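Asks: Sequence first, then the predicted structure, then my questions.
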Amino acid sequence: MDKFVIHGGNKLSGTVKIDGAKNASLALMPASLLAAGKSILYNTPELNDVFTMLKLLNHLGVKYQFENHKLELDTINITSQDAPYEHVKKMRASVYVLGPLLARYGAAKVSLPGGCAWGPRPINLHLEGLKKMGAEIDLVEGYIVAKAKKLKGADIHFDVSSVGATGNILMAATLADGITVIHNAAIEPEITNLANYLKKMGAKIEGIGTSVLRIQGSEQLSSTEIETIPDRIEAGTLLIAGAITGGNIKVYGITREYFNSLLIKLNDSGYNILENNDTIELITSNNFIIPTDVTTSVFPGYPTDMQAQWTAYMSLANGVSTITDNIYIDRFSHVPELIRLGANITVKENSAVVKGVRKLKGAKVMSTDLRASASLVLAGLAAEGTTEVLRVYHLDRGYQKIEEKLRALGADIERVKGAEY
Ligand code: EPU
């Protein structure tokens, strides 16, 4: 297992390109199963969750070529409808194969994803939606066993806005008999990217980008190509790397619409934001960080996937801030590790109360999940002395070579291969 060794204190400045969005790719890849042919997904990030999804698709019979962010998927000869535990346990997004397999082959057996580092992450909405569309679903020895000769269109209302359930039902509905309407659909940009891909494949979808999606099922879809949208979470994490170290960072390949809520908060915390075409620049306007509260919510609100990074940033603010997570109420495993670096944080229910300290001090810390690891790297960049972030395989799931990007911006960070733990 690798670790990062960071000598903190350098101001990060410069320009960095944003790669394709992990959470868009993880939906676009299984969506390709809905047609028999060759699909091309441009701007696919080369990160571990994408490789995990590729292994799963390959297990189902998909052949692929992946070079320079161009992913070609050949779905002509699908040989299995089973997503085994060994693949699903590594990544919950594997459950995205359920809708497409059931819709195209009438059967799917997918391992239940189970818990996650910050508590339960149910998939009841995926299953209830598919049942409403006529699927027979049984839970057998840890597997979802789903059958439906032909799915039928249905009126589906999600009590909670869910990215994954919207994606799964949307994919399934494209090949169902009749019309499906999804009410309270997620409007995250990654879902819009997916809907646009399905539309290019020939699906009839109205309401893209809104919370009501109306899908008229088709007999079949055709393979096509699509550009993956930029990763708003990677962009946000890198901008905070600039902000927490007092530097000026420019990200390109992304526009404000993807992460306006974060840019507004960065502005409130004392940074000016300059925009030019697909470049966003952060410019220091203060020599201290203004404490700024955030509350996570669904898009276009502040994303839960940027909560841990904001907590690290606020640990050096000039006062007290409160960070509340309304999407995942237990997502605070980064807090004890940030405290080891000298942060003053108390978690009360689903909020972290952060009392800014004058400095953080390097220490050994442990990654527990993807975004928690990102927050530890950010804190390490700003801390005095040496920070070792252990178990960076969590980080590698969702960021492509982040240490190289950070180094190019002036960070003193190195990966030590096969280190302890
Ligand atoms: N929920 C239910 N029942 C369901 C599904 C969700 O109650 O059947 C609840 C969840 O417990 C949560 C809320 O609905 O409180 C939202 O969960 P959602 O289904 O939207 O999450 P997801 O689809 O499992 C995706 C991202 C996550 C991101 C969330 C929220 C992918 C592959 N994953 O997960 O990304 O945190 O949306 O925006 O798209 C990450 O990248 O680090 C990550 C965890």
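Replies: Cool, got the structure. Numbering: from 1, shown residues only.
Asks: Helices of the stretch 51-200 of the chain, residue ranges please.
Replies: Along the stretch 51-200 of the chain, the segments classed as helices by DSSP state H, counting those that start in this stretch run 85-88, 98-105, 124-132, 163-173, 189-200.
Asks: Would you reformat those helices as JSON lines and include mean neighbour count, distance to residue 148 and mean pLDDT?
Replies: For the C-beta atoms, the positions are set from N, CA and C on the backbone; glycine is no exception. Output for these, formatted as JSON lines (neighbours: other C-beta atoms under 10 Å; distance: least, C-beta to C-beta, whole Å; pLDDT from 0 to 100):
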{"stretch": "helix 85-88", "mean neighbour count": "18", "distance to residue 148": "20", "mean pLDDT": "90"}
{"stretch": "helix 98-105", "mean neighbour count": "26", "distance to residue 148": "6", "mean pLDDT": "97"}
{"stretch": "helix 124-132", "mean neighbour count": "20", "distance to residue 148": "8", "mean pLDDT": "96"}
{"stretch": "helix 163-173", "mean neighbour count": "27", "distance to residue 148": "9", "mean pLDDT": "98"}
{"stretch": "helix 189-200", "mean neighbour count": "22", "distance to residue 148": "19", "mean pLDDT": "98"}
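Asks: what would these look like in TSV with distance to the ligand?
Replies: As requested, the helices of the stretch 51-200 of the chain are exported to TSV (distance: least, C-beta to the nearest ligand atom, whole Å):
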stretch	distance to the ligand
helix 85-88	13
helix 98-105	12
helix 124-132	3
helix 163-173	3
helix 189-200	6
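Asks: Report the residue spans of this protein with pLDDT below the cut-off.
Replies: Counting by pLDDT under 70, the ranges of the chain that qualify are 114-120, 419-421.
Asks: Residue numbers of it in contact with the ligand?
Replies: With C-beta under 6 Å from any ligand atom as the criterion, the chain meets the ligand at residues 23, 26, 92-93, 121-126, 160, 162-165, 186, 190, 304-305, 327-328, 370-371, 398.
Asks: Of all the helices of the stretch 51-200 of the chain, which one comes closest to residue 284?
Replies: When the helices of the stretch 51-200 of the chain are compared by C-beta to C-beta, helix 189-200 sits nearest residue 284, at 28.1 Å.
Asks: List of residues touching the closest one?
Replies: Contacting residues not belonging to helix 189-200 are listed as 21, 23-24, 27-28, 31, 34, 163, 166-167, 170-171, 174, 185, 205, 208-209, 213, 221, 224-226, 228-229, 232, 257-258, 299 [C-beta atoms under 8 Å, 6 or more residues apart in numbering].
Asks: Would you mind listing which of those residues are buried?
Replies: 21, 23-24, 27-28, 31, 34, 163, 166-167, 170-171, 174, 185, 205, 208, 213, 221, 224, 226, 228-229, 232, 258, 299 (16 or more other C-beta atoms under 10 Å).
Asks: Out of these, which sit inside helices?
Replies: Judged by DSSP state H, those include 23, 24, 27, 28, 31, 163, 166, 167, 170, 171, 232 as members of helices.
Asks: In contact with the third one, which residues?
Replies: Meaning residue 27. 93, 96, 167, 171, 190, 191, 193, 194 are the contacts of residue 27 under C-beta under 8 Å, 6+ apart.
Asks: Show me the helices in the stretch 251-400 of the chain, by range?
Replies: Taking DSSP H, counting those that start in this stretch as the criterion, the stretch 251-400 of the chain carries its helices at 260-268, 307-314, 334-340, 370-382, 393-396.
Asks: Can I get the ones you listed in TSV including mean neighbour count?
Replies: Formatted as TSV, the helices of the stretch 251-400 of the chain follow (neighbours: other C-beta atoms under 10 Å):
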stretch	mean neighbour count
helix 260-268	18
helix 307-314	29
helix 334-340	21
helix 370-382	28
helix 393-396	21
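Asks: could you dump those to JSON lines with distance to residue 58?
Replies: As requested, the helices of the stretch 251-400 of the chain are exported to JSON lines (distance: least, C-beta to C-beta, whole Å):
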{"stretch": "helix 260-268", "distance to residue 58": "35"}
{"stretch": "helix 307-314", "distance to residue 58": "32"}
{"stretch": "helix 334-340", "distance to residue 58": "33"}
{"stretch": "helix 370-382", "distance to residue 58": "23"}
{"stretch": "helix 393-396", "distance to residue 58": "20"}
